[in-house]
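1. Okay, sequence plus prediction incoming.
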Amino acid sequence: ILVILGIDDRELLRGYSKRGSVFFLCLIGVFMAKFPNIIVASPSRRYPAVGACIYCGTRAGKLNDEHIIPFAIGGNALVLPAASCRKCEIDNNKIEGPMHRRQLQPLRVVLNLPTRRPSSRSGQLPVGLSKFTTFNPGETAVSLGEASILSENFPLLFCGLLLDKPGILLNLPLGTPLKWDSIIRLCYDPSRSPFVGEANAVRLGEFNPYLSAQYLARIAYAYAVAEKGLTMFQPLVLDLIKGKTKYFRHWVGGDLEIPDAAPDRLHSISHGWEIINGVRYLVVKLRLFSFLATPVYYVVVGQDLGEE
């Protein structure tokens with residue numbers, strides 16, 4: 001597997017556009033595992049209606065329900081009613097759309113996760129085909145073009161961020177360069193090969209670190225509002241969600257030590273308070289696709305207003 005290693009936030013935003021950066025992952029080896037059968041089994045929970053947009057504060061016009069864990073990866077598991085205006089919903093779709101249709105699309109299709117457009121699933125997924133002659137360092141593969149393969153032959157692929165703690169919890173000033181890495185979880189059954197013709201390398205997917213951080217921040221913030229309300233903390237991640245900051249590592253981090261897989265869990269989310277230099281921060285702990293032994297993330301969503 002060809003893996004892109006982390007660079008600091010400033011280099012990321014200098015070298016790549018926030019929504020346009022993609023890193024291609026090529027399968028050149030084998031990791032075998034049994035594909036799980038995924039069912040969103042958690043009972044649906046609907047929180048009390050907010051009655052205001054949690055992103056811009058407006059109470060005017062129609063307010064739509066907010067899926068805390070996006071419908072595309074969690075169905076109706078956690079729903080926050082009357083919590084998003086149409087404009088902010090459109091803005092959030094600029095995060096979730098690319099994540100669900102590109103970075104997470106292969107995983108969603110292979111696992112048959114929820115979709116609002118089932119007719120759009122053709123049973124096939126795109127791959128890029130290439131051929132190496134020697135696999136020696138420095139060799140450039142010859143492109144053999146694009147192809148589509150049956151989704152049942154597509155590997156189970158998760159691409160995500162691997163992070164240390166958020167900068168704010170390390171008492172670092174905003175703008176401090178902080179490392180990020182990528183992590184891949186890949187399950188590949190050789191009897192269901194994604195290779196076509198003479199190809200010996202396959203481009204399987206894309207990874208956008210900034211979008212990934214925005215995605216985590218939006219989930220965490222919506223969950224925090226559902227649990228604590230709009231008036232109990234000062235939001236800290238709205239600029240990140242809206243793409244108005246160059247940095248994400250100040251508020252989004254995680255554990256470098258990855259826990260064992262949780263075979264019976266799709267996702268997990270919780271919240272708590274952490275005090276740094278006398279300031280109490282609301283931190284959401286989040287783990288997506290826990291059964292794949294994925295990282296744990298921490299998102300510092302807000303600062304305590306002292307009204308609890």
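-> Thanks, I have the structure now. Numbers count the residues shown, from 1 in each chain.
2. Can I take it that Y215 is in a helix?
-> Yes: with DSSP: H, G, I helix; E, B strand; the rest coil as the criterion, Y215 is part of a helix.
3. That one touches I95, doesn't it?
-> Yes: look at Y215 against I95 with CB atoms under 8 Å: they come within range, at 5.7 Å. (Glycine included, C-beta is placed from N, CA and C.)
4. Need the pLDDT of V237.
-> On pLDDT, V237 comes in at 98.
5. ok, back up a step: and Y215 and I95? which has more neighbours close in?
-> Y215 (26 against 23; other CB atoms under 10 Å).
6. Not counting its neighbours along the chain, what's nearest the more buried one?
-> Nearest-residue entry for Y215: M99, 5.1 Å, with adjacent residues in sequence omitted and distances by CB to CB, 6 or more residues apart in numbering.
7. Let me see the contact set for the one you found.
-> M99 makes contact with N208, L211, S212, Y215 under the criterion CB atoms under 8 Å, 6 or more residues apart in numbering.
8. Bridged to I149, which residues?
-> I149 has the following beta-bridge partners by DSSP bridges: L125.
9. If I look at it, what pLDDT would I see?
-> Reading off the confidence values, I149 has pLDDT 92.
10. What of the one 5 residues further on?
-> At F154 the predicted local confidence, pLDDT, stands at 90.
11. do I1 as well
-> Note on I1: pLDDT of 31.
12. cool, D91 as well?
-> At D91, pLDDT is 96.
13. Tally up the residues packed near it, please.
-> Neighbour tally, D91, other CB under 10 Å: 17.
14. Show me which residues of the one helix or strand it maps to are buried.
-> D91 belongs to helix 86-98 when assigned by DSSP states H and E. Neighbour-count burial for helix 86-98 flags C88, E89, D91, N92, I95, E96, P98 (criterion: 16 or more other CB atoms under 10 Å).
15. which residues touch the first one?
-> Contact criterion CB under 8 Å, 6+ apart gives C53, Y55, C56 as the residues in contact with C88.
16. Buried only: go through these for me.
-> The neighbour count (16+ other CB under 10 Å) marks C53, Y55 as buried among the contacts of C88.
17. Please list the members of the contacts of C88 that lie in strands.
-> Judged by DSSP state E, strands contain none of the contacts of C88.
18. TSV for the contacts of C88, including pLDDT and distance to W273?
-> Formatted as TSV, the contacts of C88 follow (pLDDT from 0 to 100; distance: CB to CB, whole Å):
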residue	pLDDT	distance to W273
C53	98	25
Y55	98	23
C56	96	26
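19. Among the contacts of C88, which one sits closest to I275?
-> For those, the minimum distance to I275 (CB to CB) is 26.9 Å, reached by Y55.
20. Quick one: residues contacting the closest one.
-> S84, C85, C88, D91, N92, L238, I241, K242.
21. Check whether the residue nearest the centre of the chain sits in a helix, strand or coil.
-> Among the residues of the chain, the one closest to the centroid is S212, at 4.3 Å (CA atoms, centre = their mean). Look at S212: counting by three-state DSSP, its state is helix.
22. Isn't F291 up against P259?
-> No: using CB under 8 Å, F291 is not in contact with P259; the gap is 11.6 Å.
23. Those two: which is more packed in?
-> Neighbour count, other CB under 10 Å: between F291 and P259, F291 has more, with 16 against 12.
24. looking at this, the more buried one is in a strand?
-> No: counting by three-state DSSP, F291 is located in no strand; its state is helix.
25. Just to check, I269 is in contact with A222?
-> No: using CB under 8 Å, I269 is not in contact with A222; the gap is 10.1 Å.
26. ok, which stretches of the chain are helices?
-> If DSSP state H is used as the criterion, the helices of the chain fall at 9-15, 71-74, 86-98, 105-110, 209-228, 238-241.
27. Lowest average confidence across the ones you listed, which one?
-> helix 9-15 (a mean of 27).
28. how deep is R117 tucked in, by neighbour count?
-> Going by other CB under 10 Å, the residues that sit close to R117 add up to 6.
29. Which phi and psi values does it adopt?
-> Main-chain torsions, R117, degrees, to the nearest 10: phi -130, psi 70.
30. all strands of the stretch 51-200 of the chain, in order?
-> Counting by DSSP state E, counting those that start in this stretch, the stretch 51-200 of the chain has these strands, from start to end: 64-67, 78-84, 124-131, 142-150, 156-162, 181-187.
31. Quick check: of the contacts of Y55, which lies closest to S182?
-> Relative to S182, and with distances defined as CB to CB, the nearest of these is I241, at 21.4 Å.
32. Distance to D264 added to the contacts of Y55, as a markdown table?
-> Listed next are the contacts of Y55 as a markdown table, based on distance: CB to CB, whole Å:
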| residue | distance to D264 |
| --- | --- |
| S84 | 31 |
| C85 | 37 |
| C88 | 34 |
| D91 | 35 |
| N92 | 30 |
| L238 | 34 |
| I241 | 31 |
| K242 | 36 |
